[in-house]
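A.B. asks: One predicted model, sequence on top.
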Amino acid sequence: MADNEASREDRQLPASERRIQKAREEGRVARSRDLGHFAVLGAALVGAAATGPSIARETIAMVRGALTFGRQAVMTPQHLPEAIASLGADAFVATLPLVAGLSVVAIAATTIPGGVVLSTKPLDFDPSRLNPSNGLKRLFSVRGAFDLARLLVLSLALAAIGSWFVATSLPEFAGLAVRPLAQGLSGGASLMGAGLVALVAVLAAVALVDVPFQWFRHRADLKMTHQEARQEAKESDGDPMVRGRMRARQREIAGRRMLAAVPTADVVVTNPTHYAVAIRYDESAAGAPRVVAKGADLLAARIRELAAQSGVPLLEAPPLARALYAHVDVDREIPAALYNAVAQVLAWVYQLRHRAGVPGSAPAAPGRIEVPPELDPAARAGHGATPGVRR
């Protein structure tokens, strides 16, 4: 018992959605028995008020029919079972709407706090349930003591209401015996209705407290320790080594997709050796030119190789290559601050295409293409004063 209480004290973290869902699949959800009691008794009160007159008429008719018999019925007792069966069938038909309505309300009331759950897990055989020591631990635990105290308070409240009802209604009940049948039944129904109203009022107050209490208790039962949270995170995200391999695989796939876009580029801007950035501009689509591929070192060499194989022009523009590599992601448009620099590059590309096939008419490559200093990593680093910045 002490270990169990200590275990509860260690559970400080709120339950995760996965833990709540798992408990739900196992059939462990918040339930309020007091809500069910209130719903059934309240529905019985409403149903009796709605169907009471018809049930009373049927009851009177059945009683009269049962007490009305001739000499032949007395002389043939073998017909008695048939008469009793007929009386029972009439009673069943008369009370069927009320009983069916109460059944529906009882089922619905049990599902309101935790929702509808279809699980066979609670039906599985658990040997620990047969262990008397476990039952004693639950009985003498803090929870068991609290539940016992709550049950005693409810029992005392209901006993007090019942005692008050009997004390105040006993003379009227005694007087019903001397009244005609119809008046007796009507008076008895009125007295029972008053008693039901008092009981429903008590159960309503209890259910109003018990429903949120059971919800919070259920969430407290599902709280997690730090170790459980770490274990669940590990199970959800997978092993770190597996995650690393998955990320490497994703990078590999993304790299292949990016390299496949190099032949579609209009130009590849280089550093000339450290960086390579492929640019494409679709005049038919709205928007600025896009970076379709970029890379450094070995990847830059591969981009230059693919560009040469595909006939994509290469242009050495170190400041622009550094700026594009540092500030523009793949498949993203270039920023407005680089429009002028990229426009010079594209103008040179269009001149190349226009003069293609004309010997000796190739346009001269643009001179040094400047970019805003704040976009050039080398300029920000003091022209190479900081290690790791390649020019």
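C.D. replies: That came through fine.
A.B. asks: so how many other residues sit close to Ile84?
C.D. replies: 11 (other C-beta atoms under 10 Å). All C-beta atoms are positioned from the backbone trio N, CA, C, and that covers glycine.
A.B. asks: ignore the last one, Arg150
C.D. replies: Using other C-beta under 10 Å, Arg150 has 15 neighbouring residues.
A.B. asks: you'd agree it is in a helix?
C.D. replies: Yes: assessed with DSSP: H, G, I helix; E, B strand; the rest coil, Arg150 lies in a helix.
A.B. asks: Can you give me the separation between it and Ser32?
C.D. replies: Counting by C-beta to C-beta, to the nearest Å, the gap from Arg150 to Ser32 is 12 Å.
A.B. asks: mean confidence score for the host helix or strand of His37?
C.D. replies: Element membership for His37, per DSSP states H and E: helix 33-67. Throughout helix 33-67, pLDDT has a mean value of 77.
A.B. asks: Check which helices and strands that helix sits against.
C.D. replies: Packed against helix 33-67 by the contact rule (3 or more C-beta pairs under 8 Å, 6 or more residues apart in numbering; DSSP states H and E) you find helix 80-111, helix 181-221.
A.B. asks: Just give me the lowest mean pLDDT stretch among those.
C.D. replies: Lowest mean pLDDT of the helices and strands packed on helix 33-67: helix 80-111, a mean of 75.
A.B. asks: Show me what that one is packed against.
C.D. replies: Secondary elements touching helix 80-111 (3+ C-beta pairs under 8 Å, 6+ apart): helix 33-67.
A.B. asks: how about the helix it packs on: buried residues?
C.D. replies: In terms of neighbour count (16 or more other C-beta atoms under 10 Å), helix 33-67 has its buried residues at 34-45, 47-48, 51-52, 55-56, 58-59, 62.
A.B. asks: One more: stretch 297-313?
C.D. replies: 299-300, 302-304, 306-307, 312-313.
A.B. asks: Narrow those to those in strands?
C.D. replies: Among the buried residues of stretch 297-313, no residue falls in strands (DSSP state E).
A.B. asks: Can you tell me which of the residues you listed is closest to Ser86?
C.D. replies: Leu299 (93.4 Å; C-beta to C-beta).
A.B. asks: if I pick the closest one, what's in contact with it?
C.D. replies: Leu299 makes contact with 255, 276 under the criterion C-beta atoms under 8 Å, 6 or more residues apart in numbering.
A.B. asks: same thing with Ser16?
C.D. replies: Contacts of Ser16 by C-beta under 8 Å, 6+ apart are 224, 229, 232.
A.B. asks: ok, these vs Arg245, which is closest?
C.D. replies: Taking C-beta to C-beta as the measure, Arg245 lies nearest Glu232 of the contacts of Ser16, at 21.5 Å.
A.B. asks: Quick one: residues in contact with the helix or strand that closest one falls within.
C.D. replies: Secondary-structure assignment from DSSP H and E places Glu232 in helix 226-237. By C-beta under 8 Å, 6+ apart, the residues outside helix 226-237 that reach it are 11-13, 16, 18-19, 224, 243.
A.B. asks: What subset of these is buried?
C.D. replies: By 16+ other C-beta under 10 Å, the contacts of helix 226-237 give 11, 16, 19, 224 as buried.
A.B. asks: Which single one of those is nearest to Ala379?
C.D. replies: Within the buried ones among the contacts of helix 226-237, distances to Ala379 taken as C-beta to C-beta reach their minimum at Ser16, with 48.4 Å.
A.B. asks: Is it correct that Leu375 is in contact with Ala336?
C.D. replies: No: using C-beta atoms under 8 Å, Leu375 is not in contact with Ala336, being 11.1 Å away.
A.B. asks: Show me which of these two is the more surrounded one.
C.D. replies: The residue with more neighbours, out of Leu375 and Ala336, is Leu375; 20 against 8, by other C-beta under 10 Å.
A.B. asks: residue contacts, the more buried one?
C.D. replies: Applying C-beta under 8 Å, 6+ apart, the residues near Leu375 are 323, 326-327, 335, 337-338.
A.B. asks: pLDDT, secondary structure and neighbour count for these - can I get that in TSV?
C.D. replies: Listed next are the contacts of Leu375 as TSV, based on pLDDT from 0 to 100; DSSP: H, G, I helix; E, B strand; the rest coil; neighbours: other C-beta atoms under 10 Å:
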residue	pLDDT	secondary structure	neighbour count
Ala323	91	helix	30
Ala326	90	helix	15
His327	91	helix	18
Pro335	91	coil	15
Ala337	91	helix	13
Leu338	91	helix	22
